[in-house]
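[1] build the 3D model from these lines:
(chains A and B)
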Amino acid sequence: MVARAPKLFVGVGNVLAGDDGVGVRAAEIMMGLPLTPDVDVYEAGTALLELAAVLELRERVVVVDAIDAGAEPGQIFRLRPEQIRSQEGLPLSLHQLGLLHALDETHLRGRAPGEVVLLAVQVGNLSGGMKLSPAVKASLLRLLEAAVDELDLGLDLRDCLPVSPASREPALNR
Amino acid sequence: MGRIVIDPVTRIEGHLKVEVITERGVVKEARCSGLLFRGIELILRGRDPRDASRITQRICGVCPTAHAVASALALDDAFGIAEQVPHNGRVMRNLILGSNFVQSHLLHFYHLAALDYVDVAAAAGYSGPDERLRQVAEFISRGQLAPFFPRYDGDYRLPKAANRAAVSHYVEALDRRREAQEMLSIFGGKMPHQMGTFPGGALEVVTVDKIAAFRWRLQRLRDFVDNVYIPDVLAVAGAYADYLDVGRGPARYLSYGAWDQDTEPDLTRRGRSLPGGTLDGTRMAYEPLDPSKITEQVRHSWYNSGTDLPPSLGKTEPEPDKAGAYSFLKAPRYAGEVHEVGPLARMLVAYAQDHPEVKPLVDGALSELRAGPDALFSVMGRHAARALECKAVADAMAGWVLELKPGEPVCAQFDVPEMGSGMGLTEAPRGSLGHWIEIEDGVIANYQAVVPTTWNCSPRDDRGQPGACEQALAGATVRDPESPLELMRIVRSFDPCLACAIHLITPKGHEIGRFRAI
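    Residues are numbered from 1 along each chain as shown, chains lettered A, B, ... in the order given. Coordinates of the predicted model:
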């Protein structure tokens, strides 16, 4: 096995279900950034059943996922696993149980990761095929900045993403 | 009269609702509904055909690998290159799919189904020498059983020692699953959505190192399957022998066959290590596979497209308000009849043909259980068949991996044709999987996927015949409607690739409880 980086970014979601794919899109953008070797990026899709192996023994994990909390589309929530657990039964996150399951597996094997933070984006449209809705797409930069901050990556996204000439904002053409 | 509804809270990859009407504790009628319209067919239209094996993997978070294989087979056919798939490409596809089977079957028994029969709470307070049991005891002491250990009170029958061993194996199986996943990634490349299978063959370069890494993991897995998994399943089947008589279903079985052994372009004549065909269980009558007998009926499905069409001519046009419909799943039928798919179907179809590896495995298990072949048409029959198949596949892979030829080609060259059509039939861990593609002007004009859970959890068909799982539920006894574990055991034995939960509803429609299942 290759030595694993202490920090981990995980993107979760179904790219066939519109905004549900936001975590996957975020992971794809992360993979294109000039990252240092102390961070890994993992795109899980909806295959959360085998996520435990990836989470084990990491010091810091950020999971980016879609959520339906009845808020404004594109709104970003910062949650801890304990908060998801205490909400059990509510359709809070679309993949929350899979994530909790994977975390429980790491505990059972005595190899749980250190700090785990979930950044969850309120979805607007789940039937948009492979496209994100405008509100969720517009949240991507804030989402990535939050993730970079949580993982303490010391990156300024405005320096490393291509900039749109019109808006002078980083262009996330997804 | 009572009504019990099994409905999802989460969505690993789809929604399944099961609703039953009971009379004096016996299920009179069951309805399975798929509640998620995914529209993969609409997403694929107009795209480059080569995108299909990437995008169709996203249909399912549990069996992306089988979708990649089915798609590659359909594209081989449409591109006219099935005969040119190189030896290494064919073998690597078999190893990728085989690894997925081993991983998935272990996952299903230990981590999705076993807790219906094994009482994990019995490990509470354990302080003996078994490190794994101590981990479970520690986990329990933190008071966070849910959602990891969904549990019904009541019907746990394993003797204390066997129960404890099974809990320990539950933890050990986490490691073995991981090894199977690593094994898959050796020839599949990136996980979880592997890139290894491709039209024309496979993409990884074969090296001696990769063969050795695969064999090392496979050896440990075979040891676990032989000495832990199969004995555990037989112990559970022995303690719950009444479940050899519960959940029968239609007793007609279908397998497309899997694991190509040659590159014959006609899929129905291609040599496969598990054969395709159908078996009428009541007469133990086998018939070879004829894909032209596969149709999809939509009378009770929320679609307005034509009914009883072959999948290649099928359309996916939703009509959510359609009268009499109750599912987004269509009702696939073979020769107009309801068929069950999955490990039990594959093992029975192979058994009926005196398959040299499968026949002795099945006979051995039946003699251990002191039961005849018809006991296999049951909840425990499905679990036993899954375990035996896991062994058959793992054993076969030990031979296949040595057939790889380091340094030789892995994939055929091809051009995407302007026009073409293709069919890809294979088996996913949970049953028969078919992809059909039509290419026009160099892009996808139509794409249809008929997945295992569509066969097993289909709604009623045009003639009103209930689907396989609906039939398996009918007649079941539910002792406590507030804890309908008998129904969960039946539904779960099919390994439906859908996460679901149970809502209990009184006859007036008032919800009295909610239970989760994966």
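
[2] how about the spatially most central residue of chain A, nearest residue that isn't a chain neighbour?
    Taking Cα atoms, centre = their mean, the centroid of chain A lies closest to residue A:64, which sits 1.5 Å from it. Once flanking residues are discounted, residue A:64 sits nearest to residue A:23: 4.2 Å by Cβ to Cβ, 6 or more residues apart in numbering or on different chains. Placement of C-beta: from N, CA and C, glycine included.

[3] so after whichever strand or helix holds that neighbour, what's the next helix or strand?
    Following DSSP states H and E, one finds residue A:23 within helix A:22-31. Following helix A:22-31 in sequence order, the next helix or strand is strand A:39-45 (DSSP H and E).

[4] got the CA coordinates for that next one in PDB?
    Taking Å, rounded to 0.1, in the frame of the first residue of the first chain, the C-alpha atoms of strand A:39-45 are listed here in PDB:
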ATOM      1  CA  VAL A  39      -3.600  15.700   0.900                       C
ATOM      2  CA  ASP A  40      -5.500  13.100  -1.100                       C
ATOM      3  CA  VAL A  41      -8.600  13.700  -3.100                       C
ATOM      4  CA  TYR A  42     -11.100  10.800  -3.400                       C
ATOM      5  CA  GLU A  43     -14.200  10.900  -5.600                       C
ATOM      6  CA  ALA A  44     -16.600   8.300  -4.100                       C
ATOM      7  CA  GLY A  45     -19.700   8.800  -6.300                       C
END
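
[5] helices or strands next to the next helix or strand after it in the packing?
    Later in the chain than strand A:39-45, the nearest helix or strand by DSSP H and E is helix A:52-55. With contacts taken as 3 or more Cβ pairs under 8 Å, 6 or more residues apart in numbering or on different chains; DSSP states H and E, helix A:52-55 sits against strand A:7-12, helix A:96-108, helix B:160-188.

[6] how does it look with 10 Å?
    strand A:7-12, strand A:39-45, strand A:60-67, helix A:96-108, helix B:160-188 (3 or more Cβ pairs under 10 Å, 6 or more residues apart in numbering or on different chains; DSSP states H and E).

[7] one step back: and the helix holding residue A:23, how far from the chain's centre?
    7 Å (Cα atoms, centre = their mean, to the nearest Å).

[8] give the rounded mean pLDDT of it.
    The average pLDDT within helix A:22-31 is 94.

[9] now do stretch B:474-489
    Mean predicted lDDT for stretch B:474-489 stands at 88.

[10] what of stretch B:191-205?
    Stretch B:191-205 comes out at a mean pLDDT of 88.

[11] what is the end-to-end distance of it?
    17 Å (Cα to Cα, to the nearest Å).

[12] same question, stretch A:107-120
    23 Å.

[13] which residue ranges of the stretch 301-450 of chain B form helices?
    B:343-352, B:358-369, B:379-400 (DSSP state H, counting those that start in this stretch).

[14] pick the most buried one from the ones you listed.
    helix B:343-352 (a mean of 27; mean count of other Cβ atoms under 10 Å in any protein chain shown).

[15] hmm, back to that, what's the closest of the helices of the stretch 301-450 of chain B to residue B:86?
    helix B:379-400 (14.5 Å; Cβ to Cβ).

[16] so, in contact with chain A or not, that closest one?
    No. Helix B:379-400 does not reach chain A (Cβ under 10 Å from any Cβ of the partner chain); its nearest approach is 16.4 Å.

[17] stretch B:165-175 too?
    Yes. Stretch B:165-175 reaches chain A (Cβ under 10 Å from any Cβ) through B:170-171, B:174-175.

[18] which of those residues are buried?
    B:170-171, B:174 (16 or more other Cβ atoms under 10 Å in any protein chain shown).

[19] show me the contacts for residue B:141.
    B:124-125 (Cβ atoms under 10 Å, 6 or more residues apart in numbering or on different chains).

[20] measure residue B:479 to residue B:26 for me?
    11 Å (Cβ to Cβ, to the nearest Å).

[21] can you list the weak-confidence ranges in chain A?
    For chain A, the stretches with pLDDT under 70 are A:1-3, A:84-97, A:128, A:167-168, A:171-174.

[22] and if you look at the stretch 151-300 of chain B?
    Ranges of the stretch 151-300 of chain B meeting pLDDT under 70: B:151-153.

[23] any residues of it in contact with chain A? List them.
    Near chain A, when you scan the stretch 151-300 of chain B using Cβ under 10 Å from any Cβ, you find B:170-171, B:174-175, B:177-182, B:184, B:190-193.

[24] among those residues, name the buried ones.
    For those, buried by 16+ other Cβ under 10 Å: B:170-171, B:174, B:177-182, B:184, B:191-193.

[25] skipping adjacent residues, who's closest to residue B:292 in space?
    That would be residue B:310: by Cβ to Cβ, 6+ apart, it lies 6.8 Å from residue B:292.

[26] the one you found contacts residue B:290, correct?
    No. Between residue B:310 and residue B:290 there is no contact under Cβ atoms under 10 Å: 11.4 Å.

[27] still on that earlier bit, of the buried ones among the residues of the stretch 151-300 of chain B next to chain A, closest to chain A?
    residue B:192 (3.4 Å; Cβ to the nearest Cβ).

[28] ok, the closest one - contacts?
    Residue B:192 sits in contact with A:42-51, A:54, B:57, B:61-62, B:64-65, B:181, B:184-185, where contact means Cβ under 10 Å, 6+ apart.

[29] check the gap between it and residue A:98 for me.
    For residue B:192 relative to residue A:98 (Cβ to Cβ), the value is 12 Å.

[30] which neighbours do these two have in common?
    In contact with both residue B:192 and residue A:98: A:44, A:46-49, A:51, B:61, using Cβ under 10 Å, 6+ apart.

[31] got a winner among those residues for most neighbours?
    The residue in the shared contacts of residue B:192 and residue A:98 with the most neighbours, by other Cβ atoms under 10 Å in any protein chain shown, is residue A:46 (30 neighbours).

[32] hang on, that residue packs against residue A:99?
    No. Using Cβ under 10 Å, residue A:46 makes no contact with residue A:99, being 11.3 Å away.

[33] overlap of the contact sets of the two?
    residue A:12.

[34] and residue A:154, how many neighbours does it have?
    8.

[35] surely it touches residue A:33?
    No. In this structure residue A:154 lies outside contact range of residue A:33 using Cβ under 10 Å: 11.6 Å.

[36] between the two, what contacts are shared?
    residue A:148.

[37] can you give me the neighbour number for residue 56?
    By default, I'm working from chain A. With other Cβ under 10 Å as criterion, residue A:56 counts 18.

[38] I was after chain B.
    Counted with other Cβ under 10 Å, residue B:56 comes out at 28.

[39] still on that earlier bit, tell me the helices and strands packed up against the helix holding residue A:23.
    Helix A:22-31 packs on strand A:7-12, strand A:39-45, strand A:60-67, strand A:115-122, helix A:134-150, going by 3+ Cβ pairs under 10 Å, 6+ apart.

[40] since that was my last question, I'll sign off now.
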